[in-house]
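Trainee: A predicted structure for the sequence below; I have some questions about it.
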Amino acid sequence: MKKALITGITGQDGSYLTELLIEKGYEVHGIIRRASSFNTHRIDHLYEDQLEGNPRMILHYGDLTDSSNLNRIIEKVEPAEIYNLAAQSHVQVSFEVPEYTAECDAIGTLRLLDAIRETGVPARFYQASTSELYGKVMEVPQTETTPFYPRSPYAVAKQYGFWIVKNYRESYGLHASNGILFNHESPRRGETFVTRKITMAVARISRGLQKCLYMGNINAFRDWGYAPDYVQMMWMMLQQDTPDDYVVATNEMHTVREFIEKSFACVDIEIEWEGEGVKEVGKNKATGDVIVRMDERYYRPCEVDQLLGNPEKAKKQLGWEPTVKFEELVKIMTEGDLRLLDNPNYEIGF
Ligand code: NDP
Ligand code: GDR
């Protein structure tokens, strides 16, 4: 049975990738952090008691900031594939915790690559690189050859991760690849990322449980895809003979404003915008109630205005194409949050 090791298994992508790999017959090992409360809700449905029978998902305590722990796990598990998804993944939070973000997202990647070298385990390596590397727009759409211009401590740390992967590939012949993934979302998306924040608020507002949604810059453009599509591509990248770097995106971009409008449309609320900048508000056209306001707290010191990815290389070389585009994604996420509100026992996205 092929073994895979996933860092960040408790996150959005980790959970979908685990499902995919189990379906493909892998034994999946995941690294989880000790927390004061349960942090495995996205993968609990995959857990089988290790004492009974044949576990397909095995969890290990660890942390990307602890080298010897990573070495030990890799030596013990001997995975054929390692997917490095763990990260302090919130761009705005990285301005608050820049040093920790670098420790985890940059040096954490180096620790894993070095663990592969030191243990001699011939694992193939996937690195969760990001469209945030493009930051300030140098070219639209962005491809594998567009120059990087990171605009946050998160993106700068991920840029180190990108290059150290490439460097270890070139220096030591590791089978290590970067997936330059544009934003991808799902009903399992973390609640503080903009899409999920919007769909949760829309569901609550439509049920009379919340009055208003507070936002930052709603004029930013993003290329939003569907997380289950994107984890397919992670796996595909590690199945090819030669490692390489790929843009993974939908080639469609929309503003945060459009996301808000489309999500409210799912609950039959039409938004009317009034005012400008931080004073702008969104009103429920039918009732006149203000249901969207801007809040300085959600603006970033440095913004990424426009991301649009061209996934032509992924399509040509690996046959990958996204199956879900913007409108359907908004619908899937909004309906997921409505279902969750109406039935608290409903396990989101499962
Ligand atoms: P999430 O924020 O949902 O998950 C992050 C995961 O990393 C969680 O399992 C978290 O554990 C774990 N983690 C955080 N810090 C550490 C640490 N120090 N040691 C070990 N584990 C840690 O992210 P996503 O699933 O959305 O993204 C996966 C990866 O892809 C990330 O690296 C992200 O930066 C990158 N990426 C994401 C994109 C997206 O649009 N989703 C786009 C491009 C790149 P815990 O549950 O305990 O917090
Ligand atoms: P991003 O995602 O920074 O692109 O990083 P996020 O959803 O946080 O922001 C997208 C855009 O929305 C604007 N925005 C707000 N964002 C949040 N979170 N909260 C708000 O209230 C709000 N109002 C406006 C932001 O300014 C931004 O322009 C995500 C993460 O998953 C990264 O790990 C990943 O690398 C990139 O996507 C690709």
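Mentor: Looks like it arrived, so ask away. Ligands and ions are numbered 1, 2, ... in the order given.
Trainee: now do the helix or strand harbouring Gln317: everything it contacts.
Mentor: Using DSSP states H and E, Gln317 sits within helix 312-318. Contact partners of helix 312-318, identified using C-beta atoms under 8 Å, 6 or more residues apart in numbering, comprise 143-144, 233, 236-237, 240, 244, 246-248, 320-321. To be clear about C-beta, it is placed using only N, CA and C from the backbone, and glycine gets the same treatment.
Trainee: what's the answer for stretch 94-111, then?
Mentor: 7, 64-65, 67, 70, 84, 86-88, 93, 127, 152-158, 160-161, 164-165, 300-301.
Trainee: quick check on those: which are buried?
Mentor: Among the contacts of stretch 94-111, those buried by neighbour count (16 or more other C-beta atoms under 10 Å) are 7, 64, 67, 70, 84, 86-88, 93, 127, 152-158, 160-161, 164-165.
Trainee: which of those fall in helices?
Mentor: Mapping these onto helices (DSSP state H) picks out 67, 70, 93, 153-158, 160-161, 164-165.
Trainee: okay if I get the contacts of helix 312-318 as CSV plus pLDDT?
Mentor: CSV is the format used below for the contacts of helix 312-318 (pLDDT from 0 to 100):
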residue, pLDDT
Thr143, 98
Glu144, 98
Met233, 98
Met236, 98
Met237, 98
Gln240, 98
Asp244, 98
Tyr246, 98
Val247, 98
Val248, 98
Trp320, 98
Glu321, 98
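Trainee: in strands, which of those residues appear?
Mentor: With DSSP state E as the criterion, strands contain 246-248 from among those.
Trainee: from the residues you listed, pick the one nearest Gly336.
Mentor: Gly336 has its nearest neighbour among the ones in strands among the contacts of helix 312-318 in Val248, at 22.2 Å by C-beta to C-beta.
Trainee: okay, now the residue of the chain found nearest ligand 1: neighbour count?
Mentor: Going by C-beta to the nearest ligand atom, ligand 1 is nearest to Gly11 of the chain, at 2.1 Å. Each residue near Gly11 was counted by other C-beta atoms under 10 Å, and the total is 23.
Trainee: quick one: it and Ser89 touch, right?
Mentor: Yes: taking C-beta atoms under 8 Å as the definition, Gly11 is a contact partner of Ser89 at 7.2 Å.
Trainee: which neighbours do the two share?
Mentor: Gly190.
Trainee: which residues does Thr7 bridge with?
Mentor: Taking DSSP bridges as the rule, Thr7 bridges to Ile31, Asn84.
Trainee: that older thread, contacting ligand 1 as well, which ones from the buried ones among the contacts of stretch 94-111?
Mentor: Of the residues in the buried ones among the contacts of stretch 94-111, proximity to ligand 1 by C-beta under 6 Å from any ligand atom holds for 7, 64, 86-88.
Trainee: looking at the residues you listed, which are in strands?
Mentor: Using DSSP E, those in strands are Thr7.
Trainee: reformat the ones next to ligand 1 among the buried ones among the contacts of stretch 94-111 as a markdown table; add distance to Gly288.
Mentor: What follows is those, written out as a markdown table (distance: C-beta to C-beta, whole Å):
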| residue | distance to Gly288 |
| --- | --- |
| Thr7 | 49 |
| Leu64 | 49 |
| Ala86 | 46 |
| Ala87 | 43 |
| Gln88 | 41 |
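Trainee: check whether whichever helix or strand Leu112 is part of contacts ligand 2.
Mentor: Per DSSP H and E: Leu112 is located in helix 108-119. No: Helix 108-119 stays clear of ligand 2 (C-beta under 6 Å from any ligand atom), getting no nearer than 13.7 Å.
Trainee: tabulate the CA atom coordinates of that helix in PDB.
Mentor: C-alpha atoms of helix 108-119 as PDB (Å, rounded to 0.1, in the frame of the first residue of the first chain):
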ATOM      1  CA  GLY A 108       9.300  24.800   7.900                       C
ATOM      2  CA  THR A 109       9.500  23.900   4.200                       C
ATOM      3  CA  LEU A 110      13.300  23.800   4.500                       C
ATOM      4  CA  ARG A 111      13.100  21.500   7.500                       C
ATOM      5  CA  LEU A 112      11.000  19.000   5.600                       C
ATOM      6  CA  LEU A 113      13.300  19.000   2.600                       C
ATOM      7  CA  ASP A 114      16.300  18.500   4.800                       C
ATOM      8  CA  ALA A 115      14.500  15.700   6.600                       C
ATOM      9  CA  ILE A 116      14.100  14.000   3.300                       C
ATOM     10  CA  ARG A 117      17.800  14.400   2.600                       C
ATOM     11  CA  GLU A 118      19.000  13.400   6.000                       C
ATOM     12  CA  THR A 119      16.800  10.300   6.300                       C
END
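Trainee: quick one: the helices in the stretch 151-300 of the chain, in order.
Mentor: Counting by DSSP state H, counting those that start in this stretch, the segments of the stretch 151-300 of the chain that form helices are 153-172, 194-206, 227-239, 256-265.
Trainee: then the longest one to CSV, C-alphas only?
Mentor: Spelled out, that is helix 153-172. Extracted C-alpha coordinates of helix 153-172, given in CSV (Å, rounded to 0.1, in the frame of the first residue of the first chain):
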residue,chain,number,x,y,z
PRO,A,153,5.0,38.5,5.3
TYR,A,154,3.0,35.4,4.4
ALA,A,155,3.8,35.8,0.7
VAL,A,156,7.5,36.6,1.4
ALA,A,157,7.8,33.5,3.5
LYS,A,158,6.1,31.4,0.8
GLN,A,159,8.5,32.9,-1.8
TYR,A,160,11.3,31.4,0.3
GLY,A,161,9.4,28.1,0.3
PHE,A,162,9.0,28.2,-3.5
TRP,A,163,12.7,28.8,-4.2
ILE,A,164,14.1,26.3,-1.6
VAL,A,165,11.9,23.6,-3.2
LYS,A,166,13.3,24.5,-6.6
ASN,A,167,16.8,24.8,-5.2
TYR,A,168,16.7,21.3,-3.6
ARG,A,169,15.3,19.9,-6.8
GLU,A,170,18.2,21.3,-8.8
SER,A,171,20.9,20.7,-6.1
TYR,A,172,20.0,17.2,-4.9
